[in-house]
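Q: Can you look at this prediction? I've put the sequence above it.
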Amino acid sequence: MGRAPNQQARSRSRLRSRFALVAAGAAALALVAAGCGGSGSSSSSSSGGTKEKGGTATYALPPSSTPNYIFPYTSSADFSVVNASYLQDLLYRPLYWFGVGETPNYNQSLSVANAPQFSGNKVTITLKHYMWSDGQPVTASNVMFWLNMETALPSDYGGYTGFPGSIVKDIKVVSPTELTMTMDKAYSHNWFLYNELAQIYPMPEAWDKTASGPSHCTTTVSDCKAVYSYLDAQSKTLNSYASSPLWSVVDGPWKLSAFNADGHVTFVPNKSYSGPVKPTLSQFKEVPFTTDAAEYSVLQAPNSSVDVGYLPEQDAPAKPVNATVGKNPLNGYTLDPLYSWGINYYVMNYQSTTGNGPIIKQLYFRQALAYLMNQKSVIQGPLRGYGQYTIGPVPVQPKTNFLSPTATTGDPFPFSESKAKSLLTSHGWKVVPNGTTTCTDPSKCGPGIKQGQAMNFQLPFANGTAWITSEMTQLQSNAAAVGIKLNLKPEPFNQVIALAGGNCVVTKSSCNWDLANWGGGWDYFPDFYPTGEELFMCGVPANSGGYCNKQNDSLINSTLTNSSMTPMYTWQNFISPQLPMEWQPNGVYELTEIKDNLHGVTPQPVTLSINPENWYFTK
């Protein structure tokens, strides 16, 4: 799973998150064995000076993006990085933590539970000694509380993948520290950990209640609906967060001391935190900004109040090809680009009712469009060097063993008008540069394509992101050179998602569109394996273009029960050149600016979490 369209689909506007239309009944997918890790701390953003105990670090929130939902069992409407990373995970720890250095790997040290133990189709989970701030231990029953809620109300969790659902046949609380699950068959250990167990948050007994008093969702699935309704309603009363007896019961490193619905949030250390890294700071504050320009003005001010902020892309220094960053325009700050663990693309509607569906289904056409997307030019131009190639379903950076060793790390379809033209002419099209290319030989053009049919497509894209606008304008010009007419339509992000993420795949309705670009692609979080069951398989809701290839499905299914790298690489090598969607550059998530006397911020997690318990000032 991952985050992409909808409020979640971090449209590269830094509100990025996952596609809310997750596959409720999609087949589970196994993928690659990744290294387990265990670092509980980060390196310094700069060196030198004497470490200070205490201090207040202030963090700039993304433009017009503020936390607005505290309950970690979050519906798709509020399932965002802003809520998860900047609020919930600071207070409430997931059962398993991911992110070691600049990798998305499993972090043993920061996980609430020990590594799961597998025996055939059975998994045993044992909890470490963690305490809730009300003095109660974190127990296996707290894990069962979450699992029962997910069983009772799967559609109310924005990260639902079908787990526990049909793949888990039996769950038992063996003791206060041990829980077992029996699956319908043996699955890849890594997939089950990274993409299923990764989603669980233990929930305290103090939350198992309704407005009428204590309830029993922990043991009785039928009680969970009423409990969820109560907790959901409480989570919508934003200004009560800091004083709420519910939300003050935490097992994370931080507690709320102040919360304002406008985005001003103050955290203080949780003195009962049982994890390996205790906060050094006395306070951690988040502050809102309406625009990146307003935030940048604060950063530029003498003695700026912001300790960790961001440099707007339009103000960024050009990055030399072989460098990490360009010259920082800010004095007193260290510039550190943050890239997310994700890929970027624009979608094509294979089921389009405009008449263009048969064209989109042709691989040669998708290849021609790929040769017209100049990823290198976009990265070096409007992204000013702060971007990465998208080459397939697995990110090129950070370097992990998820990526096939035979995969190219450069543009797999380097810009070439001549190759695009050759593909079209060899398949029965009369190419008219700066005119309209038409089919002159339907037997070569492909099934369903008619004599004289024109290459004329509508392409709505999310406005407001300068580099996406520039990229789309460039693509339109490149396509026109070979007679492909792309009618660009800049629209608000939510409108593009409403169109491309509508009901076409599931209900076969609302299919009257050809191409669409919400700008943000897909992030692998909180399912950290770059798997394909939710995004590339036939009929799954997040496969918004309706790509369907039975060989692809078979290759994905072959990874289900095999933790070996080989099936994952075989699938990846097949799907990347198939172009189920059109790859486009993955722009930097954030150009983070860190005050020189603040340490522990880097390396920044590619999972987009923040860990201010690692941070400290020096004199």
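A: Right, received. Where do you want to start? Numbers count the residues shown, from 1 in each chain.
Q: Now T182: which helix or strand?
A: Secondary structure here is read from DSSP states H and E; on that basis T182 sits in strand 178-183.
Q: Can you mark which positions in that strand are buried?
A: Neighbour-count burial for strand 178-183, counted by 16 or more other CB atoms under 10 Å, picks out 178-181, 183. Where you see a C-beta, it was placed from the backbone N, CA and C, and this is true even at glycine.
Q: Which secondary structure elements does it sit against?
A: strand 122-126, helix 140-152, strand 168-175 (3 or more CB pairs under 8 Å, 6 or more residues apart in numbering; DSSP states H and E).
Q: Now the residue nearest the centre of the chain. Nearest residue, chain neighbours left out?
A: Relative to the mean C-alpha position of the chain, the nearest C-alpha, by CA atoms, centre = their mean, is the one of D523, at 2.6 Å. Counting by CB to CB, 6 or more residues apart in numbering, the nearest residue to D523 once its immediate chain neighbours are dropped is G342, at 3.6 Å.
Q: Might one say that that neighbour is in contact with V588?
A: No. No contact is recorded between G342 and V588 when judged using CB atoms under 8 Å, the distance being 11.7 Å.
Q: and the helices and strands packed on strand 178-183, which is most packed in?
A: Of those, the one with the most neighbours on average (mean count of other CB atoms under 10 Å) is helix 140-152, at a mean of 22.
Q: and it, what does it pack onto?
A: In terms of contact count using 3+ CB pairs under 8 Å, 6+ apart, helix 140-152 is assigned the packing partners strand 168-175, strand 178-183, helix 224-235.
Q: Span of stretch 85-101 from start to end?
A: From its first residue to its last, stretch 85-101 covers 16 Å (CA to CA, to the nearest Å).
Q: tell me the mean pLDDT over that stretch?
A: The predicted model assigns stretch 85-101 a mean pLDDT of 97.
Q: please renumber so the chain begins at 48
A: OK, 48 is where the count begins now, so the last one is stretch 132-148.
Q: I'd like the distance from it to the chain centre, please.
A: On the basis of CA atoms, centre = their mean, to the nearest Å, the separation between the geometric centre of stretch 132-148 and that of its chain is 14 Å.
Q: What of stretch 627-635?
A: 14 Å.
Q: Stretch 125-133 now?
A: 10 Å.
Q: Check stretch 217-225 too.
A: With CA atoms, centre = their mean as the basis, the distance from the averaged C-alpha position of stretch 217-225 to the chain average is 31 Å.
Q: count of residues packed around W388?
A: Neighbour count for W388, taken as other CB atoms under 10 Å: 26.
Q: ok, it to G592 distance?
A: According to CB to CB, to the nearest Å, W388 and G592 sit 22 Å apart.
Q: again, but for G511
A: Distance, G511 to G592, by CB to CB: 23 Å.
Q: got it, and Y380?
A: As defined by CB to CB, Y380 lies at a distance of 41 Å from G592.
Q: cool, and G568?
A: Plainly put, G568 is 13 Å away from G592 if you go by CB to CB.
Q: And the two? Which one has more around it.
A: Neighbours around G568 and G592, counted as other CB under 10 Å, are more numerous at G568. The numbers are 31 against 24.
Q: doesn't N391 make contact with the more buried one?
A: Yes. Contact status for G568 versus N391: in contact at 3.5 Å, counting by CB under 8 Å.
Q: shared neighbours of those two, which are they?
A: With contacts taken as CB atoms under 8 Å, 6 or more residues apart in numbering, G568 and N391 have 437, 631, 633 as neighbours in common.
Q: Return the member of the residues you listed nearest to G96.
A: Nearest to G96 among these, counting by CB to CB, is N633 at 35.2 Å.
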